[in-house]
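Q: need coordinates for the below:
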Amino acid sequence: MARGYRDRADDSLLTLLGDMPDLVSNLVKAEIDHAKAWVQKTSKDAGMGSLWFVVALFFLFWAIPVILTFAVAGFASWMPVWASALVVFGILILAVLVFGLLGLLRFRKLVRRENPAQAVSTDIRLVREAGDERPREAADDEF
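A: Residues are numbered from 1 along each chain as shown. Modelled structure (predicted):
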């Protein structure tokens, strides 16, 4: 027996029907637990993705005065002052890109995760497929 499953091929119809409420309640409890875990993971990833975007916006906010300093220093003097402002601006833009990419990757993780509604629809599809297989096997045995 793997994972607590047992062979039910020899069980009577009444035994199977009697076990049905327990099986359904176990399935509902498992789906609720899965939904709770999904909400917890999703909210954590959304929070972390939002944090990375806030950090990127913070660096972008400080990049604006730097580009203005670059323009003023560049026009006031053609010396290394404007070149240093340009280097600082480039570093800030690089930081914006890195933190923005981290936030984007975290949000893409959300899209790939199966939500509880998809899990329920998968369960329903599997039950329907299992129900469709039974009559075919019985019909094949008659011939």
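Q: name the helix or strand for Arg6, please.
A: Assigned by DSSP states H and E, Arg6 belongs to neither a helix nor a strand.
Q: how many other residues sit next to it?
A: 8 (other Cβ atoms under 10 Å). (Each C-beta comes from the backbone N, C-alpha and C, glycine too.)
Q: pLDDT score for it?
A: Note for Arg6: predicted pLDDT of 71.
Q: same thing with the one 5 residues further on?
A: Each residue has a pLDDT score; the one for Asp11 is 77.
Q: check which helix or strand the closest residue in space to it that isn't next to it in sequence maps to.
A: Leaving out its chain neighbours, the residue that sits closest to Asp11 by Cβ to Cβ, 6 or more residues apart in numbering is Asp19, at 7.9 Å. Asp19 belongs to helix 13-76 when assigned by DSSP H and E.
Q: now for the helix or strand following that helix, which elements pack on it?
A: Downstream of helix 13-76, the next assigned helix or strand under DSSP H and E is helix 80-112. Under the contact criterion of 3 or more Cβ pairs under 8 Å, 6 or more residues apart in numbering; DSSP states H and E, helix 80-112 touches helix 13-76.
Q: how far does the helix it packs on sit from the chain's center?
A: 7 Å (Cα atoms, centre = their mean, to the nearest Å).
Q: tell me the angle that helix makes with helix 80-112.
A: 170 degrees (axes from the mean of the first three to the mean of the last three Cα atoms, to 10 degrees).
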